[in-house]
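> Okay, structure incoming, though there's no sequence with it:
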């Protein structure tokens with residue numbers, strides 16, 4: 001994951017220099033904002049929600065220690081690193097009690113900054129991973145409680161208030177598999193785990209496409225339930241699910257959408273009514289031993305793999321992406337044959353989903369029938385790993401083709417945008433986010449295509465526009481600065497002098513004379 005970083009430093013030139021150092025290196029951080037003192041930083045905290053604040057210790061209005069205390073009390077999930085001079089180091093250590101995670105001695109070089117920010121990013125990764133694990137555990141407990149409610153099992157006592165918030169006013173979409181082993185398919189009992197896995201992921205992907213959130217409960221090996229908000233999307237979801245599962249797996253579904261639940265008594269009654277109506281009971285033999293928890297586990301695993309692959313794409317690092325896929329494929333070869341097949345299918349699902357979402361590939365969901373039949377015929381974990389390796393090569397090839405297609409388009413659109421919006425912030429961070437790539441990747445791509453680094457190009461455009469204003473208008477220098485994107489006229493003057501070897505005022509006088 002790319003972390004969000006807020007820079008707080010009252011010296012504009014030093015702050016801009018820090019920002020450039022961060023943006024020039026692939027450190028896993030995006031600079032989402034800048035502030036000149038602690039008070040300005042606090043005003044930005046709510047809107048930006050940064051994961052990390054890098055702040056100077058000595059600033060007017062509110063210094064770094066006071067800012068760290070405010071963040072500790074009001075935004076405890078945000079980490080703080082303090083920039084300090086040697087003379088202030090003892091004073092800065094007072095901030096440890098406010099949760100400051102590290103210190104940077106000024107002046108700092110690229111290497112020191114990279115080390116500190118890399119360590120901070122590792123900490124962020126660890127925190128987010130633990131949070132995801134806790135959230136997954138809570139979701140599994142929630143689904144277990146809802147399963148108990150729907151099946152009228154013991155274990156829900158004392159949880160009535162929580163369960164009401166989950167189901168009252170919501171609609172229940174019940175799904176039943178008519179037959180896992182239709183006569184026109186070559187599925188057998190050994191395929192059940194892979195079939196369930198594929199089914200769970202097709203259904204949850206459709207939920208995400210319809211922007212519907214809510215628990216997905218495995219009730220029995222062939223019966224499931226989504227709890228959804230009332231709305232137009234809920235009305236069409238059942239039809240889409242039936243169509244998709246029939247198309248990709250050749251398996252028929254029975255679906256039923258209930259009215260909104262008025263109380264906790266409604267969900268189990270709705271389910272019992274659904275059971276009476278659906279007529280697939282006679283085809284349920286031979287699979288009753290299926291593991292009910294596999295649906296939840298498979299969905300979490302696919303999501304985890306999607307996150308890992310998406311990170312490599314957004315950072316624009318094909319080598320790292322290829323290395324990560326190599327690791328995942330190698331792991332498959334170390335599992336038991338059945339687990340290896342399941343992990344291979346999870347990886348294939350994740351790659352397919354990422355290809356559609358991030359690489360703008362229009363290919364339909366995998367040909368699951370062929371994939372499952374091919375996987376099930378494999379006799380060893382090594383064969384499953386080789387199958388996954390072939391799928392990974394296809395994914396990497398698609399990624400490389402996407403990069404080639406988009407590189408020139410990204411920069412062409414960037415130049416057009418900068419020509420029209422040079423007076424706005426136009427930070428490297430904003431531009432990278434606009435095109436859904438990392439700052440480091442965007443920066444390298446910009447340099448490769450234009451021959452200029454991004455900040456130099458933007459400065460060149462702004463200075464050209466400033467010269468036109470100086471020569472053709474009587475605007476004050478401060479107004480010219482604001483018109484070409486500089487809030488600080490002194491900073492504008494320094495940049496102008498650096499390029500033209502004279503101040504804006506002198507340049508105007510020389511031109512008019």
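Structure's in. What do you need? Source: prediction; values computed, not measured.
> Confirm residue 5 sits in a strand?
Yes: with the criterion set as DSSP: H, G, I helix; E, B strand; the rest coil, the secondary structure at residue 5 is a strand.
> That one touches residue 48, doesn't it?
No: distance between residue 5 and residue 48: 9.5 Å, which falls outside the contact criterion (C-beta atoms under 8 Å). (C-beta placed from N, C-alpha, C; glycine too.)
> between these two, what contacts are shared?
Common contact partners of residue 5 and residue 48 (C-beta atoms under 8 Å, 6 or more residues apart in numbering): residue 32.
> who has more neighbours, these two?
In this comparison of residue 5 against residue 48, neighbours counted by other C-beta atoms under 10 Å, the higher total goes to residue 5 at 27 against 17.
> how much space between the more buried one and residue 402?
Residue 5 sits 28 Å away from residue 402, going by C-beta to C-beta, to the nearest Å.
> and if you look at residue 269?
Residue 269 sits 50 Å away from residue 402 when distances are taken as C-beta to C-beta.
> same check, this time on residue 446
If you go by C-beta to C-beta, the gap between residue 446 and residue 402 works out to 18 Å.
> Between the two, tell me which one has more neighbours.
Neighbours per residue, other C-beta under 10 Å: of residue 446 and residue 402, the larger number sits with residue 446, 24 against 16.
> Now the phi/psi pair for the closest residue to the more buried one other than its chain neighbours, please.
Residue nearest to residue 446 in three dimensions, not counting chain neighbours: residue 454, with 4.7 Å by C-beta to C-beta, 6 or more residues apart in numbering. According to degrees, to the nearest 10, the main-chain angles of residue 454 amount to phi -60, psi -50.
> Then residue 62?
Geometry field for residue 62 lists phi and psi as phi -150, psi 120, criterion degrees, to the nearest 10.
> That one - nearest residue in space that isn't next to it in sequence?
Nearest non-adjacent residue to residue 62 (C-beta to C-beta, 6+ apart): residue 38, at 2.9 Å.
> in the stretch 201-350 of the chain, which spans are helices?
For the stretch 201-350 of the chain, helices defined by DSSP state H, counting those that start in this stretch occupy the ranges 232-249, 266-277, 294-314, 318-332, 337-357.
> Pick the most buried one from these.
For the helices of the stretch 201-350 of the chain, the largest average neighbour count (mean count of other C-beta atoms under 10 Å) is found in helix 337-357, namely a mean of 22.
> now the angle between helix 318-332 and that one, please.
Angle, helix 337-357 to helix 318-332, by axes from the mean of the first three to the mean of the last three C-alpha atoms, to 10 degrees: 160 degrees.
> And the spatially closest residue to residue 11 that is not a sequence neighbour, how far from residue 172?
Here the nearest residue to residue 11 in space, its sequence neighbours aside, is residue 56; by C-beta to C-beta, 6+ apart that works out to 7.6 Å. If you measure residue 56 against residue 172 using C-beta to C-beta, the figure is 55 Å.
> pLDDT at residue 86, what is it?
Among the per-residue scores, residue 86 shows a pLDDT of 62.
> Next: the one 5 residues further on.
The predicted structure scores residue 91 at 71 on the pLDDT scale.
> what kind of secondary structure is it in?
Residue 91 ends up helix, using three-state DSSP.
> Am I right that it is in contact with residue 57?
Yes: using C-beta under 8 Å, residue 91 is in contact with residue 57, at 7.0 Å.
> what's the overlap in contacts for the two?
The contact sets of residue 91 and residue 57 overlap at 65, 84 (C-beta under 8 Å, 6+ apart).
> now stretch 474-490, how far from the centre of its chain.
Taking the mean C-alpha point of stretch 474-490 and that of its whole chain, the gap between them comes to 38 Å (C-alpha atoms, centre = their mean, to the nearest Å).
> before we move on, back to that, may I see the helices of the stretch 201-350 of the chain arranged in CSV, with distance to residue 10 as well?
Shown next, in CSV, are these (distance: least, C-beta to C-beta, whole Å):
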stretch, distance to residue 10
helix 232-249, 49
helix 266-277, 58
helix 294-314, 32
helix 318-332, 37
helix 337-357, 41
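> which residues in the stretch 51-200 of the chain form helices?
Going by DSSP H, counting those that start in this stretch, the stretch 51-200 of the chain shows helices at 64-74, 89-92, 110-150, 160-167, 192-209.
> Out of those helices, which gets the lowest mean score?
Averaged per stretch, pLDDT over those is lowest on helix 89-92, reaching a mean of 68.
> so where's the stretch 301-450 of the chain shaky on pLDDT?
311-317, 358, 360-373 (pLDDT under 70).
> can you rerun that using 50?
By pLDDT under 50, the low-scoring segments of the stretch 301-450 of the chain are 363-366.
> Now render the helices of the stretch 51-200 of the chain as JSON lines, adding distance to residue 508 and mean neighbour count.
Supplementary listing: the helices of the stretch 51-200 of the chain in JSON lines, determined by distance: least, C-beta to C-beta, whole Å; neighbours: other C-beta atoms under 10 Å:
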{"stretch": "helix 64-74", "distance to residue 508": "40", "mean neighbour count": "20"}
{"stretch": "helix 89-92", "distance to residue 508": "45", "mean neighbour count": "15"}
{"stretch": "helix 110-150", "distance to residue 508": "38", "mean neighbour count": "15"}
{"stretch": "helix 160-167", "distance to residue 508": "66", "mean neighbour count": "14"}
{"stretch": "helix 192-209", "distance to residue 508": "57", "mean neighbour count": "21"}
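> Between the ones you listed, which one is closest to residue 246.
Evaluated over those, closeness to residue 246 peaks at helix 192-209, with 10.5 Å, by C-beta to C-beta.
> now for that closest one, which elements pack on it?
In terms of contact count using 3 or more C-beta pairs under 8 Å, 6 or more residues apart in numbering; DSSP states H and E, helix 192-209 is assigned the packing partners strand 216-220, strand 223-228, helix 232-249, helix 294-314, helix 337-357, helix 368-377.
> Which strands and helices lie in contact with the one helix or strand residue 384 maps to?
With elements taken from DSSP states H and E, the one containing residue 384 is helix 381-421. Based on contacts counted as 3+ C-beta pairs under 8 Å, 6+ apart, the elements that helix 381-421 packs against are helix 318-332, helix 337-357, helix 368-377, helix 428-434, helix 439-450, helix 454-472.
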